[in-house]
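> this one's sequence-less:
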């Protein structure tokens, strides 16, 4: 990710006009629902987060994070902050690295939309997948920490965690392709794309055989993790908006897609000199995941890549639609939406390799 993109996504700013709310009403809720809360309260807005507006709540003793549904008209089933709170609570109970959830509010009258409040985890976020702030000798350990985090997620027993109803088990690819195809087709404000239309037609009939179910994150990237301030350790995995029960190979292929992702779109390694950077190659990274999850290997890799570029393109298409309508939660959304046709093209290229 470029320095411009990192500046646009990292840190906080004053709350944007479209996302302001009654801070006094929030403070009353915090006093009633968050153990140990003590004001006064100062509210800032995180620059990143294209979908659910995210705020930093600062008090003299500690800081918190608030994520809310965006105001205005939203697509049915989107921006389900209550699901995020549910999965974070369940994962935290299993010792998985996530922020602790203090409370969920499903009363629109407090700040205008549903929200939840969680702890503020202090550490490092890497917006660039080359991990430029890390010593060359240490980079393999950071990649291994990411690999262990996603493998560990896929090895959790979702039934034992009370998440058996968190999504529908089975037929994940068919359901996801249908969902994102429909979302792409229904968002008329963002327009059509020839490559996306081809993918919508081709993907459903070319799903690999075999089915598995695990908890999947849906957006597992280096910039959705908080690392220890000085060690190659993942303290918290962030942004669970797209999580569900799904196929672990879809989730892992999305994460490993960083090897084919242009760095100016999201954190990607395409074009990077991995040997010079001392970053493990794609094949070694896939092999490490397979070893951790007891797999002999991953067949049909290009299908999983095509599916994931298609899915990400559909998400960026949605960002474009919200930017056109003026409801996007990031001032940077219009600029990000310009990457949509590039992602659609990469998806189509992976589809063509499958053929």
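That came in fine, so what should we check first? Worth saying up front: this structure is predicted, and the values here are computed from it rather than measured.

> Check which residues of stretch 139-157 are buried.
If you call a residue buried by 16 or more other CB atoms under 10 Å, then stretch 139-157 has these buried ones: 139, 142-143, 145-147, 149-154, 156. Using the backbone N, CA and C atoms, a C-beta is placed for each residue, glycine as well.

> Going by distance to residue 209, which of those wins?
Within the buried residues of stretch 139-157, the smallest distance to residue 209 is 19.3 Å, found for residue 154 (CB to CB).

> dump the residue contacts of residue 37.
Listed by CB atoms under 8 Å, 6 or more residues apart in numbering, the contact partners of residue 37 are 30, 31, 59.

> Show me the shaky parts of the stretch 251-355 of the chain.
By pLDDT under 70, the low-scoring segments of the stretch 251-355 of the chain are 329-331.

> Where do the helices of it begin and end?
Assigned by DSSP state H, counting those that start in this stretch, the stretch 251-355 of the chain shows helices spanning 274-277, 282-293, 301-325, 333-337, 340-354.

> can you give me the strands in this protein?
Taking DSSP state E, the strands of the chain run over residues 12-13, 42-46, 54-58, 63-68, 101-105, 115-119, 214-216, 225-227, 234-237, 244-246.

> which other residues reach the fourth one?
Here strand 63-68 makes contact (CB under 8 Å, 6+ apart) with 26, 30, 34, 46, 49, 52-57, 81, 84, 99, 102, 111, 113-120.

> Please identify the most buried of the helices of the stretch 251-355 of the chain.
Burial of the helices of the stretch 251-355 of the chain is given as mean neighbour count (mean count of other CB atoms under 10 Å); helix 301-325 ranks first at a mean of 23.

> Okay, angle between it and helix 340-354 too, please.
Using axes from the mean of the first three to the mean of the last three CA atoms, to 10 degrees, one finds that helix 301-325 and helix 340-354 are set 160 degrees apart in direction.

> how about the strands of the chain in CSV, adding mean pLDDT, distance to residue 292 and mean neighbour count?
Formatted as CSV, the strands of the chain follow (pLDDT from 0 to 100; distance: least, CB to CB, whole Å; neighbours: other CB atoms under 10 Å):
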stretch, mean pLDDT, distance to residue 292, mean neighbour count
strand 12-13, 90, 35, 13
strand 42-46, 95, 32, 17
strand 54-58, 96, 31, 20
strand 63-68, 96, 29, 21
strand 101-105, 97, 27, 19
strand 115-119, 97, 27, 23
strand 214-216, 97, 13, 25
strand 225-227, 97, 17, 22
strand 234-237, 98, 14, 22
strand 244-246, 94, 18, 22
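
> Go through these and name the closest to residue 126.
Of all the strands of the chain, strand 225-227 sits nearest to residue 126, with 6.9 Å by CB to CB.

> if we can go back for a sec, closest one to residue 228 out of the buried residues of stretch 139-157, please.
Distances from residue 228 to the buried residues of stretch 139-157, taken by CB to CB, are shortest for residue 145, at 8.9 Å.

> That closest one is in contact with residue 234, isn't it?
Yes - counting by CB atoms under 8 Å, residue 145 sits close enough to residue 234 to count as a contact (5.2 Å).

> where do the contact lists of these two overlap?
Shared contacts of residue 145 and residue 234, defined by CB under 8 Å, 6+ apart, are found at residue 227.

> Next up, the contacts around residue 235.
By CB under 8 Å, 6+ apart, residue 235 lies in contact with 97, 121, 123, 226, 227, 228.

> run the last query once more with 10 Å
By CB atoms under 10 Å, 6 or more residues apart in numbering, the contact set of residue 235 is 97, 98, 99, 121, 122, 123, 124, 225, 226, 227, 228, 229.

> same deal with residue 325?
Residues counted as contacts of residue 325 (CB under 10 Å, 6+ apart) are 72, 73, 187, 189, 190.
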